[in-house]
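**Student:** pasting a predicted model and its sequence here:
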Amino acid sequence: MLCAQCGKNQAQKYVRRTNEGEKAVYLCPDCYRRLYGGARENETSPYRDSAKGVPKECPSCGATLGEFRRTGLLGCADCYSVFREALIPTVQVVQGRISHTGKDPVRALDDEQRELEDELKDAQKMGDRFMEQRIRYRLSVINRLLGGGDE
Amino acid sequence: MKISYESVAVSSRIRLARNFRDYPFPNRLLRSPHAREQASEIVRTINEELNALEEFDLYDVGTLTEERAAYLVERNLISRDLVRNSAISAALITPDESISVMINEEDHIREQYFMRGYDLEKAYERITGIDDVISESIPFAFDRQFGYLTACPTNLGTGMRASVMMFLPAISRRGLMKRTVPELNRLGLTVRGASGEGSGSEGDLFQISNEVTLGVSETEILSAVEKAVRILVQFELRERERMKAEEGIGLKDRVLRSYGILSNCCLIGMKEFMELVADVKLGVMLGYLNAGKQPEEVMSDLDDHIIAMRPANINKLHSRTISEIEQNAYRAEQTGKFLRRSEFIV
């Protein structure tokens, strides 16, 4: 996934603690530092070290690999990132493949975002405030869908 | 008499599994202290999105009576798993019952389009259109490697299950399913009984669907299922002709006996009813029974009648749960009337 702020660099998931609870943001490290003034320890990605060894439980939902082996079910979307290395052999067995081809909602949103950014520049040049407002609103929705915070 | 695909491939269904990115999957959500609030939020969001698009009726499974839930299960609009999750589950169903969206079954969203007859492409276009619209405002759980993320890895990737319900009396009665199932498995397809996973065959109906959902595109899944359907239709039609030639008057006698029992009995249980109706359908297809309209139309009418004669559907018509004997009497009476109305010429 690309960074929700700059749209250029590869994003990383950061969990931010806010008054409303934990919130995930998908930003590249540069944008994260620029927006939040450097990563504090408790706000960095909990999955950063997962490659070194599979964590015991998913920090988002508390599910464990043992539970998955018993029930066949994962607890949340983040489980796939946390347990990725351990899941790949299982996925290979049940599906025969491990990489998705087909419909991609993220790519569709990325494409829409790029088109809207061009349209936004045109609207600004033309001084069309109404169009500018509409495009900005849709861009904020896309940003939210791609994992960024509300603008 | 021209026999089309639809005398074998009787209905088509496409199902897409989706999840919200930021909520635990239903199995975990059930254990959360905020389960009710989070489930309500999920239901509210999907309901708003879908009803902005077209008319959907919302069913809160937790408030449905047992009879009403059984009625919806019999019509394949909801699953037993959805009923088991009644503390957090709901369903959105179009008035014509062609689209049903189950909320908080195994995944947050199970969107399905059902149609009589055989047209998987149409079914896919319809449901993917709905999916596109909701994905414009709901953040789906999606991963570059695994595709759409689902609670069970067997649904990863496209999250898509394309199934066709097939009426296979000749293949099944001639003992050829044992040979056919491994062939279908080899093509990446599964064969289930009429009521889905774990169910046995009923009335010679079998559901054919794709097994693999990851690493294949939606178009490839459709092509694989279509290819299998094509092979099965040809195989079944050939076997029907063989059966007719080999069994001759014996087969005709069985069809007409079944027709006779269904037309005249006073009590009939569901199992026997399904077996005899399958004989009548086969009789229509082989030209032993003629209702003055296309065989596929007669078959479709009979399929509607079968659904209406299921226990929970009969209870709904009576607005109460009636005893099994009353149900069997009602089924026998209505089936006799139905067959007389159809004016079959033997």
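**Tutor:** It's in. Given the structure is predicted, the values throughout are model-derived calculations rather than measurements.
**Student:** give the contact list for B:Met243.
**Tutor:** Residues near B:Met243 by CB atoms under 8 Å, 6 or more residues apart in numbering or on different chains: B:170, B:173-174, B:251. C-beta: built from backbone N, CA, C; applies to glycine.
**Student:** cool, B:Ala151 as well?
**Tutor:** Shown in contact with B:Ala151 (CB under 8 Å, 6+ apart): A:73-74, B:19, B:25-27, B:106-107.
**Student:** out of those residues, who's nearest A:His100?
**Tutor:** A:His100 lies nearest to B:Asn19 out of those, by CB to CB, at 14.6 Å.
**Student:** what about the closest one, neighbour count?
**Tutor:** 28 (other CB atoms under 10 Å in any protein chain shown).
**Student:** swap in A:Asp104?
**Tutor:** A:Asp104, neighbours per other CB under 10 Å, totals 15.
**Student:** which ones are touching it?
**Tutor:** B:142, B:147.
**Student:** check it and give its pLDDT.
**Tutor:** For A:Asp104, the pLDDT comes out at 92.
**Student:** in the chain, where is pLDDT below threshold?
**Tutor:** The chain I'm using is chain A. A:1-53, A:148-151 (pLDDT under 70).
**Student:** I was after chain B.
**Tutor:** Scanning chain B for pLDDT under 70 picks out B:1-3, B:194-200.
**Student:** quick one, longest strand in it?
**Tutor:** Ranked by residue count and defined by DSSP state E, the top strand of chain B is strand B:9-18.
**Student:** what lines up beside that one in the sheet?
**Tutor:** strand B:109-116 (antiparallel), strand B:160-167 (antiparallel) (DSSP bridges).
**Student:** could you give the separation of that strand from the chain centroid?
**Tutor:** 8 Å (CA atoms, centre = their mean, to the nearest Å).
**Student:** residues from chain A in reach of chain B?
**Tutor:** Within chain A, the positions lying close to chain B (CB under 8 Å from any CB of the partner chain) are A:1, A:24, A:60-63, A:71-77, A:80-81, A:84, A:87, A:90-91, A:94-106, A:108, A:141, A:144-147.
**Student:** buried ones only from these, please, as a ChimeraX command.
**Tutor:** The buried residues among these can be selected in ChimeraX (16 or more other CB atoms under 10 Å in any protein chain shown) with this line:
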select /A:1,24,60,61,63,73,74,75,76,77,80,81,84,87,90,91,94,95,97,98,100,101,102,103,105,106,141,145,146,147
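**Student:** and stretch B:176-195, which residues are buried?
**Tutor:** Neighbour count says stretch B:176-195 has B:177, B:180, B:184, B:188-192, B:194-195 buried, by 16+ other CB under 10 Å.
**Student:** for those residues, work out which two are farthest apart.
**Tutor:** Longest span within the buried residues of stretch B:176-195, CB to CB: B:Gly188 and B:Ser195, 22.3 Å.
**Student:** mind checking how far A:Glu85 is from chain B?
**Tutor:** In this view, A:Glu85 and chain B are 12 Å apart by CB to the nearest CB, to the nearest Å.
**Student:** can you report how many residues neighbour the residue in the stretch 1-150 of chain B that chain A sits nearest to?
**Tutor:** Taking CB to the nearest CB, chain A has its nearest neighbour within the stretch 1-150 of chain B at B:Gly147, 3.0 Å off. Applying other CB under 10 Å, we find 25 residues neighbouring B:Gly147.
**Student:** now swap in the one 5 residues further on and tell me
**Tutor:** Here the neighbour count serves as a burial measure; for B:Cys152 (other CB under 10 Å) it reads 17.
**Student:** surely it and B:Glu105 touch.
**Tutor:** No. Contact status for B:Cys152 versus B:Glu105: not in contact, 11.1 Å apart, counting by CB atoms under 8 Å.
**Student:** what's the most buried one of the strands paired with strand B:9-18?
**Tutor:** Highest mean neighbour count of the strands paired with strand B:9-18: strand B:160-167, a mean of 24 (counted as mean count of other CB atoms under 10 Å in any protein chain shown).
**Student:** helix or strand right after that strand?
**Tutor:** With elements assigned by DSSP states H and E, the helix or strand that comes after strand B:160-167 is helix B:169-173.
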